[in-house]
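> A structural model of the following input is requested.
(one chain, ligands or ions: 1)
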Amino acid sequence: MYRIGQEEIDAVARVIRSQKLFKVNDGTLQETANFEKELRERIKTDRAVLMTSGTAALASALIGMGIGPGDEVLVPAYTYIATAMAVIMVGAMPVVTEVDETLSMDPEDIEKKLTPKTKAVIPVHMGGYPCDMDRIMAAAKKHNLFVLEDACQAMGTTYKGKAVGTIGDAGAFSFNAFKILSAGEGGAMVTNNQDIFEKSLIYHDSCAVAYFGNQMENFKTVPFCGSEFRTNEITAAILREQLKRLDGILGDLRKNKKELEKRLAPHIDFAPCNDPEGEGAYTVSLQFETKEKALAFQEAFDGYSVIPAYMGKHVFNDWKAIIEKRGAVHPLMDPFRFEANRGFGFPEDTCTKSLELMAKCVRIDVNPDWTQEDISQFAEKVIAALS
Ligand SMILES: Cc1ncc(COP(=O)(O)O)c(C=O)c1O
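Purely as a prediction, here's the structure:
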């Protein structure tokens, strides 16, 4: 869905000509620092750290929150496996919550899944559809939980006027090849919390943060062992150009989605959305009364569509390594075998309501580059498959 072209080619050339590929340099090239600044300004957040992936950003944020063995973190039944994997990366256990009709985390299920071990909740803005952040934030506040927003699929999405990723204690974005902005791979952790920022920054590059430049100036946190999720000036330079394209892509998606929905509305219902004005508008969600009708539509439709229930690693029941509790190669490194996590498991009847809801929805892609003619032809194909 991303757009890429001459501007990105020039940006990469600029970095290569400079011979400065490392993000800490003599100051003549500051692609990473500038991208982080531009991202902060665009989504209005205090801190942003560019990293290698969305998964790295999620794990770094959890480390920043002090989450680890003995802790449970709530994740929705419908999200890419990486959300739950990041929880296991830090030694904690992912507890799967139901989604509601919007196919995002059901705020009502938060209280039902709480245990004394619950420390955080990860609402995921899947496909650019914002979660019900008011109710999620209220539940988190009541039970003293951290909120980490997985906004990996939702750059540019807003909820009640605020950029998703900036509403909770921290947020994570992905710039992999399937996202609205991309450098092939990449991610960003954002937060307004200085403590989360310090720990997350150190963890994402613990071998180098203390030794290069003045990255730890005025830090309260002392260095500790972590990982290496640092990225480079080429990625940052590409993403600076990508960020400039965001409003154009979103504007076109929203315009085309409105137009398509107008044509489809007499023929089919749409799934509800927590903020239709702010959503990313990458897909139209067709709402069927039964899963059989959803499948029949998909079969008849001459185009690409997905039924969330059957999206493989985007649904909890297909997170094989997790559900089968294989947390690491070495048994002593496997969080599922840690004493602090003893007794943890996934009940047989985990989130059956979510599976039903996900099976009754079909999502069809919206293209930002459609002409009016393209929209008409596409709408006709959808209507034909509905009848
Ligand atoms: C909802 C969600 N969370 C996390 C991730 C992980 O992002 P990355 O592939 O950049 O690690 C993805 C990526 O597809 C995602 O869709």
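
> which elements pack onto the helix ranked longest in the chain?
In terms of residue count, the longest helix belonging to the chain (DSSP state H) is helix 233-264. Helix 233-264 is packed against helix 6-18, helix 31-43, strand 47-51, strand 283-287, helix 372-386, with contacts defined by 3 or more C-beta pairs under 8 Å, 6 or more residues apart in numbering; DSSP states H and E. Heads up, the C-betas are built off the backbone N, CA and C, glycines and all.

> would you pull up the residue in the stretch 251-387 of the chain closest to the ligand?
Closest approach between the stretch 251-387 of the chain and the ligand, counting by C-beta to the nearest ligand atom: His314, at 7.5 Å.

> and the spatially closest residue to that residue that is not a sequence neighbour, how many neighbours does it have?
Residue nearest to His314 in three dimensions, not counting chain neighbours: Tyr80, with 5.3 Å by C-beta to C-beta, 6 or more residues apart in numbering. Around Tyr80 there are 22 other residues, counting by other C-beta atoms under 10 Å.

> can you name the residues that contact Tyr80?
124, 152-153, 313-314 (C-beta atoms under 8 Å, 6 or more residues apart in numbering).

> take the residues you listed and keep only those in helices.
Of these, none are assigned to helices by DSSP H.

> would you write a ChimeraX line that selects the buried entries of the residues you listed?
Command for ChimeraX that selects the buried part of the contacts of Tyr80, burial taken from 16 or more other C-beta atoms under 10 Å:
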select :124,152,153,314
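
> sorry, back to before: most tightly packed of the helices and strands packed on helix 233-264?
strand 47-51 (a mean of 25; mean count of other C-beta atoms under 10 Å).

> who's in contact with that one?
With C-beta under 8 Å, 6+ apart, strand 47-51 has contacts from 23, 32, 35-37, 39-40, 57, 60, 186-194, 197, 200-201, 204, 229-231, 235-236, 239.

> following element in sequence after that strand, please.
helix 54-64 (DSSP states H and E).

> quick one: contacts of that next one?
49, 51, 73, 82-83, 85-87, 89-90, 92, 120, 122, 148, 150, 152, 170-176, 187-189, 191, 193, 195-201, 203-204, 226-227, 229.

> can you tell me the SS state at Leu295?
helix (DSSP: H, G, I helix; E, B strand; the rest coil).

> contacting residues for the nearest residue to it once chain neighbours are set aside?
With C-beta to C-beta, 6+ apart as the criterion, Leu295 has its nearest non-adjacent residue at 7.1 Å, and that residue is Ile307. When contacts are counted by C-beta under 8 Å, 6+ apart, Ile307 touches 291, 294-295, 298, 358-359, 361-363.

> equivalent analysis for Gly248, please.
Arg3.

> got the confidence number for it?
On the pLDDT scale, Gly248 is placed at 97.

> from Glu241, how far out is it?
Relative to Glu241, Gly248 is positioned 12 Å away (C-beta to C-beta, to the nearest Å).

> now swap in Ile63 and tell me
30 Å.

> more neighbours, the two?
Ile63 (25 against 21).

> nearest residue to the more buried one in space, please, no chain neighbours.
In space, Ile63 is closest to Tyr203, 4.3 Å off (C-beta to C-beta, 6+ apart).

> how about the one you found, secondary structure?
Tyr203 is classified as helix under three-state DSSP.
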